[in-house]
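# model this:
(chains A and B)
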Number of protein chains: 2
Amino acid sequence: MAIRKLYGTLGSPDTIRALASIFEHELDFEFIPIDLNAGEHKTESFLSLSVISSSPITQALIFPKNIDDGLTLFESRAIMRFITHYYRNPGTELVYEVPKLQGIAATWIDVEDHQFSPPAEKLRQELVDKAKKGLPMDKEVVAEAEAKLVKVLDVYEERLKHSKYLGGDRFTSADLTHLPYLYHLMGTPVKQLFEERPNVSTWCKDILSRPCWSKVVEMVEKDKV
Amino acid sequence: MAIRKLYGTLGSPDTIRALASIFEHELDFEFIPIDLNAGEHKTESFLSLSVISSSPITQALIFPKNIDDGLTLFESRAIMRFITHYYRNPGTELVYEVPKLQGIAATWIDVEDHQFSPPAEKLRQELVDKAKKGLPMDKEVVAEAEAKLVKVLDVYEERLKHSKYLGGDRFTSADLTHLPYLYHLMGTPVKQLFEERPNVSTWCKDILSRPCWSKVVEMVEKDKV
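From the prediction side, this is the model:
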């Protein structure tokens, strides 16, 4: 049988986003780590698309029904959307069978992409990456990113008053897509911004404790050793 | 009968993206302009989400099957994705009936969102918005954005050697999502970057001349008078 493959690097929020979606849907797959230091993502065998970006683009090879030679996808949210569309999350309908859910989840995935991720990525670079390298953080950049994140979290706090998850009463990709940055920021002082908002705090604890995410964390931690 | 509504402003690339998708699928709808100068997008009647962003978030109210009270969506690409999923583009299958197409289109929509749009938006601000206000452009910003755009267009040129459209042999949202910035940049010297790449140039002319886009341009031009 053809084997699904995910190419990426466990230090990248994009890769672990795609990985979480694979685990959530209980798909068999093989993870192929890309060695950033060896510049593997810039070799010809890897896709021309990754020349655009300084970081490698997460890539998945999957085999949907009737496509024997497989389908190669890039961009972690596109991989996540594809998986959610065509693989059944055990016990639930396929997302496209529930138009209302699909529309609302698509909205919140784009809110994460355009509003939540930019300040979260800045904070990860300043508070996680730089600390690892022993570099001082840029206080001004941190303050500006925190101010942006606070506005987004206030909207989430309001939203989560009305439903348990961002997409409604059921866990969807709209929640899952937040996991990489939540995971990285929970080990920094920014954690407080999440904890002081009761609905956001409950939501974070809930989604960070999902089995799919525990499997990702296990892989990431093992990789660090 | 309940009426579909699109709220937005015709000067916003986001609004005209959603509008193009509505026209492409030949949907009946009513366009409700939001007056930016009057700060309408910040009034309470408009969504809390728009407080996050300095620009208004494009909003659509649509009525998919079995949802009588309608569904309110935000973010232009989420609106576009939803329309493509649940409304038949005359003469074609629904996108989710063709998994390979859905996966490839989702990848290129995210490439547009993350790689093409950021430099294109910078160039639009410098070369269109500032010119309109009689302000001088920042040459350094323009040069940097052009250098990024060139890398992306080289990848597109290669991709379009193998298929007529980004998603394959058929026009999809992966192409449509590029129309707002193509339209704005074609009136600037950046046009040359598109024209000197033969496949990109043919693709631009093709998609800019689609009936859905002519209808958008007509609305935008009328609004300027």
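# in terms of pLDDT, where does A:N66 sit?
If you check A:N66, the pLDDT there is 58.
# before we move on, what about A:F46?
Looking at A:F46, its pLDDT reads 45.
# now do the contacts for A:P136.
Neighbouring residues of A:P136 by CB atoms under 8 Å, 6 or more residues apart in numbering or on different chains: A:K130. Using the backbone N, CA and C atoms, a C-beta is placed for each residue, glycine as well.
# list phi and psi for it.
With angles defined as degrees, to the nearest 10, A:P136 sits at phi -80, psi 150.
# check the one 3 residues further on too.
Dihedral angles of A:K139 (phi, psi; degrees, to the nearest 10) stand at phi -60, psi -40.
# in which helix or strand does the residue nearest the centre of chain A reside?
The C-alpha lying nearest the average C-alpha coordinate of chain A belongs to A:R17 (CA atoms, centre = their mean; 2.9 Å). Using DSSP states H and E, A:R17 maps to helix A:13-24.
# tell me the mean pLDDT over that helix?
So the average pLDDT for helix A:13-24 ends up being 94.
# what about the helices in chain A?
Using DSSP state H, the helices of chain A run over A:13-24, A:76-86, A:99-111, A:117-124, A:130-132, A:139-162, A:173-176, A:179-185, A:191-195, A:198-208, A:211-224.
# what is the last one packed up against?
Think helix A:211-224. helix A:13-24, helix A:179-185 (3 or more CB pairs under 8 Å, 6 or more residues apart in numbering or on different chains; DSSP states H and E).
# and the ones you listed: which comes nearest chain B?
For chain B, the closest of those is helix A:13-24, at 10.0 Å, according to CB to the nearest CB.
# related to what we said a few turns ago, skip the chain neighbours and tell me the closest residue to the residue nearest to the centre of chain A.
Excluding its sequence neighbours, the residue lying closest to A:R17 (CB to CB, 6 or more residues apart in numbering or on different chains) is A:S76, at 4.3 Å.
# what's the domain layout of chain A?
If you go by automatic domain parsing, the domain ranges for chain A are A:5-94, A:98-213.
# any low-confidence regions in chain A?
Low-confidence segments of chain A (pLDDT under 70): A:1-2, A:36-57, A:63-69.
# you'd agree A:R77 is up against B:D110?
Yes: using CB atoms under 8 Å, A:R77 is in contact with B:D110, at 5.7 Å.
# number of residues surrounding A:V217?
14 (other CB atoms under 10 Å in any protein chain shown).
# oh, I was asking about A:G167
A:G167 sits with 25 neighbouring residues when counted by other CB under 10 Å.
# could you do A:P180 as well?
The burial count assigned to A:P180 is 26, neighbours taken as other CB under 10 Å.
# then A:G11?
Residues lying near A:G11 (other CB under 10 Å) number 17.
# cool, A:V142 as well?
Other residues close to A:V142 by other CB under 10 Å number 19.
# I figured it hits A:V128, correct?
No: the criterion here is CB under 8 Å, and A:V142 misses it with A:V128 at 11.7 Å.
# overlap of the contact sets of these two?
Common contact partners of A:V142 and A:V128 (CB under 8 Å, 6+ apart): none.
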